[in-house]
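# need coordinates for the below:
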Amino acid sequence: MEMKNQVQLITYIDRLGCKTIKELQSLLNDELSGLFGAIHILPFYYPIDGEDAGFDPIDHKLIDPRLGDWTDLRQLSDSVDIMADIIVNHMSAQSSQFQNYLELGSQSPFAALFLDHDTVFPNGASEADLAAIYRPRPSSPFTNFSFDDGSEKLIWTTFTSNQVDIDVTSLQGIQYLDSVLDTFHQAGVSMIRLDAAGYAIKKQGTSCFMIEETFEFIEEFSKKAREKDIAVLVEIHSHYKTQIEIAKRVDYVYDFALPVLVLDTLFNKNSTNLKRWLEISPRNAVTVLDTHDGIGIVDVAPENGQAGLIEESVLNQIVEQMHSNCDQTSLKATGEAASNLDLYQVNCTYFDALGRDDTAYLMARAIQFFVPGIPQVYYVGLFSGGNDMALLEKTNVGRDINRHYYTKEEIKSEIERPIFKALKTIMLFRNTHTSFNGEFNIISTEQDIVHFKWTNKHDWAELNINLLTMQMEINYSDSDKAKSLLQVGKQTQC
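Residues are numbered from 1 along each chain as shown. I've put the predicted structure just below:
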């Protein structure tokens, strides 16, 4: 299964002016018609309003009844390709399986489903063992749970204490994940994202992150998916060299380096780092500028003495510029300022990171649509949304700053904005012009010029941005004639 070479939408159902899957289908067929070849629906499992917005499923095989059911999803799949998350690393501590384990202990039929400290460290863990564990967040990777018989046990909880890790190598773990995959297949899901897959395998004496056994697990699970004609996207935040190696062994990876490289290009009027990356970046990529998580920093940063894609001092300036551009509101959602801490991300909408500059934002999206890969647009980014400080204040979850709940009225207003209409023009073009199925070339090596061109036999499309004057034009072929799709600049209205 290959992904369709068209723009994808990534969204929650209930945050896009919809209450149900059926309402989402109506929105895609009406206001958003033609914009997306596929949709990545963020967790819609029961419950969608857990501690981690659905990434802590109590029941991974039950669509939250407030949204609909598997029949509704199957009907949606008839009109658009669907990607769904398989949360391979963990499930909710409130799940019936884990609650049964707490009640019955080793006598529970689900005892082997969950990963405890002693499974990985049967003779105890040394300080070196614990120090080697790669942590996405500053908390301990273990939580102490009390069982009904009065005993206690340390359970792996890589992310939060409500997300208990699965032993994916156990028979119960294998059967559990296989059953989720079967459910997705029957519902017409044609793409899956392996959420938190890098943490799925734990082994003493290693980082417990993207070790050789992790690759083997991903390869085996991907094989099962491909047998069902389901494409697999692996979500990994890591050093760019690691990402390149990962891409050689999986179907698709995210280009998580792109968001900060585009900011670097626009902030510093210098496309050198971006172009250097595009010379070596994986072609089996899904490109993003924003997602339901923050803007990743680790993906371009130096690591363990290895140079990153952006020099550390420059990277620090980019982060400071993001904070400054949004009047420091992102500081209230990043690091120690909010719960659900992430060590490697800045929580901010991409539009706010660019200072709500329409011209810069359209340039960023045009770059995304022209670089190699399948472009994915987050629902807040679709409407060039700003930081939701009210939601952040309500939940104190840092990533909620970029997880706004749109109403139907808001969407009606958003689609009338000039910036949305200009973005829509580019997206429809990206979806339909045949040049994007051809060959990609970087035309200009000048640092203050972004000039990319796609060529497919006699068809071509090119993006040309002057970073000094902040002017952009997109030109293309139409029946052997050169035409202009869009011109955007400081002196023009988008």
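
# C-alpha from now on. contacts and neighbour counts both.
OK.

# wait, residue 462 touches residue 453, no?
Yes. With contact defined as CA atoms under 8 Å, residue 462 reaches residue 453; the gap is 4.2 Å.

# contacts only, for the nearest residue to residue 373 once chain neighbours are set aside.
Distance criterion CA to CA, 6 or more residues apart in numbering; nearest residue to residue 373, sequence neighbours excluded, is residue 285 at 4.8 Å. By CA atoms under 8 Å, 6 or more residues apart in numbering, the residues touching residue 285 are 247, 252-255, 372-374.

# compare those and tell me which has the most neighbours.
Greatest neighbour count in these, by other CA atoms under 10 Å, goes to residue 255: 28 neighbours.

# list the contacts of that residue.
281-282, 285-288.

# hmm, try it at 10 Å
235-237, 240, 243-244, 247, 281-289, 299, 372-375 (CA atoms under 10 Å, 6 or more residues apart in numbering).

# cool, and residue 59?
With CA under 10 Å, 6+ apart, residue 59 has these contacts: 45-47, 91-92, 94-97, 180.

# beta partners for it?
residue 46 (DSSP bridges).

# confidence score at it?
Model confidence at residue 59, given as pLDDT, is 97.

# same deal with residue 259?
Turning to residue 259, the model gives it a pLDDT of 98.

# part of a helix, is it?
Yes. Residue 259: assigned to a helix according to DSSP: H, G, I helix; E, B strand; the rest coil.

# and for it, the neighbour number?
23.

# was I right to think it contacts residue 354?
No. Residue 259 lies out of contact with residue 354 (CA atoms under 10 Å); the separation is 11.2 Å.

# between those two, what contacts are shared?
Listed as contacting both residue 259 and residue 354 by CA under 10 Å, 6+ apart are residue 364.

# can you give me the end-to-end span of stretch 250-258?
One end of stretch 250-258 to the other measures 19 Å (CA to CA, to the nearest Å).

# as a check, name the ranges of all strands in the stretch 101-250 of the chain.
For the stretch 101-250 of the chain, strands defined by DSSP state E, counting those that start in this stretch occupy the ranges 142-146, 152-156, 163-165, 191-195, 231-234.

# pretty sure residue 424 is touching residue 382, no?
Yes. Between residue 424 and residue 382 there is a contact under CA under 10 Å: 8.9 Å.

# tell me how the chain divides into domains.
Listed domain ranges for the chain are 8-88+170-436, 96-164, 437-489 (source: automatic domain parsing).

# deepest-packed of those domains, please.
Of all those, domain 8-88+170-436 carries the top mean neighbour count, a mean of 20, counting by mean count of other CA atoms under 10 Å.

# strands of the stretch 251-400 of the chain, start to end?
Counting by DSSP E, counting those that start in this stretch, the strands of the stretch 251-400 of the chain are 252-255, 285-287, 295-296, 345-346, 374-378.

# before we move on, back to that, which neighbours do residue 424 and residue 382 share?
residue 415.

# could you dump the strands of the stretch 101-250 of the chain into JSON lines and include mean pLDDT?
JSON lines is the format used below for the strands of the stretch 101-250 of the chain (pLDDT from 0 to 100):
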{"stretch": "strand 142-146", "mean pLDDT": "97"}
{"stretch": "strand 152-156", "mean pLDDT": "97"}
{"stretch": "strand 163-165", "mean pLDDT": "97"}
{"stretch": "strand 191-195", "mean pLDDT": "95"}
{"stretch": "strand 231-234", "mean pLDDT": "95"}
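
# pipe the ones you listed into a markdown table and attach distance to residue 62 per row.
Output for these, formatted as a markdown table (distance: least, CA to CA, whole Å):
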| stretch | distance to residue 62 |
| --- | --- |
| strand 142-146 | 26 |
| strand 152-156 | 24 |
| strand 163-165 | 17 |
| strand 191-195 | 16 |
| strand 231-234 | 21 |
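
# circling back to that earlier point, can you add mean pLDDT and give the strands of the stretch 251-400 of the chain back as a markdown table?
A markdown table is the format used below for the strands of the stretch 251-400 of the chain (pLDDT from 0 to 100):
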| stretch | mean pLDDT |
| --- | --- |
| strand 252-255 | 96 |
| strand 285-287 | 98 |
| strand 295-296 | 92 |
| strand 345-346 | 90 |
| strand 374-378 | 98 |
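
# any idea which residue is closest to the centre of the protein?
residue 291 (4.8 Å; CA atoms, centre = their mean).

# quick one, what contacts that one?
By CA under 10 Å, 6+ apart, residue 291 lies in contact with 10-11, 256, 349-350, 376-381, 399, 402-403.

# for residue 297, what are its contacts?
By CA under 10 Å, 6+ apart, the residues touching residue 297 are 237-239, 256-257, 259-261, 310, 315-316, 318-319, 343-346.

# for residue 6, find the nearest of the strands of the stretch 101-250 of the chain.
Closest to residue 6 of the strands of the stretch 101-250 of the chain is strand 191-195 (CA to CA; 14.0 Å).

# name the strands paired with that closest one and say parallel or antiparallel.
Counting by DSSP bridges, strand 191-195 is paired with strand 81-87 (parallel), strand 231-234 (parallel).

# perfect, I'm done here.
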